[in-house]
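Enquirer: predicted model follows, preceded by the sequence.
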Amino acid sequence: MFPSMPQDDPWDAEASQQVARMSPGRPKAGMYGAVPDEEEDDRPSSESDDEFEEIEIIPVRPKLSVAIAGFAALLAIALILGSATSGPDARASYAIVLFGVQLLGLLAWIMALQPPAARITAAIAAVTALAADYLAVTDDTAELLPLLYVGAAGTVVALIGQVFKSEDRQRISDTYRTTAMIVFGAVAYSVLIVLTRQPVGTQAILVACTGAGLALLVSRLTDAVFPKPRIAAQVPRGATGIVLGAMVGTLASAMLGSYLVLPFTPAKGAVVGLVAAVAAILVDLAVNFGEAGRRLAGEAPTFWLARHMQGPLGGFALVAATTYAMAHLYLT
């Protein structure tokens, strides 16, 4: 008889671990044993198709680029001639011209940015711009601070006008910056009237608006002929035009600086022109990127006239503010 195997010996933990290691059928822990392997699906997934979907390239419209270039050039000429012909008793005509530009800017920005209570916001911004023009013409001292007060008050009143309807009130927390930008963008043109009342203001407007106008003109005309390399597939702008526009604007401002009286020099004219040209081009380019973002988000496009005017109008609004800063911080 075979000797009987002992039945009462306990099965220790060490032996269990050895058996588990020697067992060929058990998968390794932490690898593929947690869940059973699924059968591989050779069919192409829809997600991978979406990832490799070809990006739509927005074509550049040469005639539209030429039209925007012409509008930017006309706007620069109006601002320059208005400042050159204004005098101690003839600033009202310049204020009327600027108020027309402000209304165009409000039309473009309201349609593009679509703030809450758009009509109320537009009306309050127009009244604020008119008040800023009046103060810039009639105030005893030509200072920027009263215009800032008017712009802040107009922004507050516009925000108050947006709380009456519940659907508008819910959007205020997201669009108060947009409202402030619309109001102060309109008030910014009044700064040009203040500059005409200061010693170097008229010359600074000439140099800055020339640099900004030529920068926008050359960049848009270059896009009509050679829009390469593209900034982005969804943005119909070329890097060549942007760089060339900034260079031409700076060169023209430097040449003006060599002909103007002190404190202007070619170097100072180049600096003022460069700052103005870059400011105008960046705003114009930001408008293009904003429109591309709306298109990708599936939102309704802005009215075509407002969409194409807001770039130059917003650019010269920023140029007015930067010109005032350069006149006081760099030229004096």
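Expert: Perfect, I can see it now.

Enquirer: where does this protein dip in pLDDT?
Expert: Within the chain, the segments meeting pLDDT under 70 span 1-55, 168, 300-303.

Enquirer: switch the cut-off to 80
Expert: Residue ranges of the chain with pLDDT under 80: 1-57, 87-90, 165-175, 294-307, 332.

Enquirer: pick out the residue nearest the middle of it.
Expert: Among the residues of the chain, the one closest to the centroid is Ala286, at 3.3 Å (CA atoms, centre = their mean).

Enquirer: so that residue versus Ala280, what's the distance?
Expert: To Ala280, Ala286 is 11 Å away according to CB to CB, to the nearest Å. (C-beta placed from N, C-alpha, C; glycine too.)

Enquirer: that older thread, and the residue nearest to the centre of the chain, what element?
Expert: helix 266-297 (DSSP states H and E).

Enquirer: now do the helix or strand just after that helix against helix 266-297, angle only.
Expert: Using DSSP H and E, the helix or strand that follows helix 266-297 towards the C-terminus is helix 304-329. Interaxial angle, helix 304-329 versus helix 266-297 (axes from the mean of the first three to the mean of the last three CA atoms, to 10 degrees): 150 degrees.

Enquirer: pull the distance from helix 304-329 to the chain's centre.
Expert: 11 Å (CA atoms, centre = their mean, to the nearest Å).

Enquirer: which residue ranges of the stretch 151-300 of the chain form helices?
Expert: Under the criterion DSSP state H, counting those that start in this stretch, helices of the stretch 151-300 of the chain are mapped to 166-169, 172-188, 191-196, 201-225, 239-259, 266-297.

Enquirer: show me which residues of the last one are buried.
Expert: Right, the one you point to is helix 266-297. For helix 266-297, the buried set under the neighbour-count rule, 16 or more other CB atoms under 10 Å, comprises 268-281, 283-285, 287-288, 290-292, 294.

Enquirer: how many other residues sit next to Gln170?
Expert: Counted by other CB atoms under 10 Å, the residues lying close to Gln170 total 10.

Enquirer: returning to that earlier point: so which of the helices of the stretch 151-300 of the chain is nearest Ala158?
Expert: helix 172-188 (5.2 Å; CB to CB).

Enquirer: tell me which other helices or strands that closest one touches.
Expert: If contacts are counted by 3 or more CB pairs under 8 Å, 6 or more residues apart in numbering; DSSP states H and E, helix 172-188 sits against helix 92-113, helix 118-138, helix 145-161, helix 304-329.
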